[in-house]
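**Q** What follows is a predicted structure for the sequence shown.
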Amino acid sequence: MSEKSPILKADDLSMRYEDGVLALDHLNLTVGAGEVYCLLGANGAGKTTTINLFLGFLPPTTGACFINGIDVGKDPLEAKKHVAFVSENVMLYGNFTARQNLDFFAKLGGKPDLDKERYYQVMRRVSLQEKAFEQRVKNFSKGMRQKLGISIAIIKDAAAILLDEPTSGLDPKAAEEFQEILHELKAEGKAILMSTHDIFRAKEIGDRVGIMKEGRLVMERTREELQVEDLVKIYIDYMKSEPLTA
């Protein structure tokens, strides 16, 4: 349990799909203000399902998830006001410019009165090249798309930010810049939940790291604990261990 204000909370959260697959098995976790929580796990471990439940894309089979104290299942529209989401493949409008995408999503998020210079300030903050501000995004690299995605999250100014494999496929420089932005958002008091395969990035940025396997949170360590424990060895040991019993 986080000692900080619980902006994100999963309470006995489970998800069983119609085909019988148990994707998430009684998950309990919290993420506080100014905290980064990294979820590690193989494909199918339940990381993306967890994020989809917080976003209200799926109804939980049991339990509930809360954003800023709001039950996502009971009041999804209100909960969405308090969360921003950046996926591995950021969904943008290719024929819009970077600024037009920011403007569209800002208005969608309830901020209709922002001017061009405000959008430019945010794009500068994430180190998007100025020449790209008024270019259509259909030819953007993945790194540029990720920067624009985090710009959209910054513009929304939500209490919580959900990230699903945000550094996957980024070159080292772009991944490092992305990490610096997360440090800044953490310092602003955002609660950040990030799913990732990147063990080293998780150890660098996570205040807490959880390992998921077969829908269960099987391990959780704090930043302090990981100063004296080998996260790579812990992760490999869990992945090599016998399948969990039902």
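**A** Arrived safely. Numbering: from 1, shown residues only.
**Q** how near is residue 213 to residue 231?
**A** Going from residue 213 to residue 231 by C-beta to C-beta, to the nearest Å gives 15 Å. The C-beta positions use only the backbone N, C-alpha and C, and glycine is treated the same way.
**Q** same thing with residue 210?
**A** Applying C-beta to C-beta to residue 210 and residue 231 gives a distance of 11 Å.
**Q** For residue 227, grab the count of nearby residues.
**A** 9 (other C-beta atoms under 10 Å).
**Q** In terms of pLDDT, where does it sit?
**A** Looking at residue 227, its pLDDT is 89.
**Q** Low-confidence regions, this structure specifically.
**A** 1-5, 242, 244-246 (pLDDT under 70).
**Q** for the spatially most central residue of it, helix, strand, or coil?
**A** The chain has residue 163 as the residue nearest its centroid, 1.8 Å off, counting by C-alpha atoms, centre = their mean. Following DSSP: H, G, I helix; E, B strand; the rest coil, the label given to residue 163 is strand.
**Q** Test of understanding: give the bridge partners of it.
**A** Note on residue 163: beta-bridge partners residue 86, residue 194, judged by DSSP bridges.
**Q** when you give positions from now on, start the count at 50
**A** Got it, the first residue is 50 from now on, which makes the last one we talked about residue 212.
**Q** Name all residues that make contact with it.
**A** By C-beta atoms under 8 Å, 6 or more residues apart in numbering, the contact set of residue 212 is 134, 135, 231, 241, 242, 243, 244, 245.
**Q** where do the helices sit along this protein?
**A** In the chain, the segments counted as helices under DSSP state H are 96-103, 125-129, 147-157, 165-174, 191-205, 221-236, 248-254, 280-289.
**Q** What helices and strands are in contact with the third one?
**A** Okay, so that is helix 147-157. helix 165-174, helix 191-205 (3 or more C-beta pairs under 8 Å, 6 or more residues apart in numbering; DSSP states H and E).
**Q** Select, out of those, the one closest to residue 59.
**A** helix 191-205 (20.4 Å; C-beta to C-beta).
**Q** check contacts around residue 236.
**A** So residue 236 contacts residue 83 (C-beta under 8 Å, 6+ apart).
**Q** you'd agree residue 194 is up against residue 188?
**A** No. With contact defined as C-beta atoms under 8 Å, residue 194 does not count as touching residue 188 (10.3 Å).
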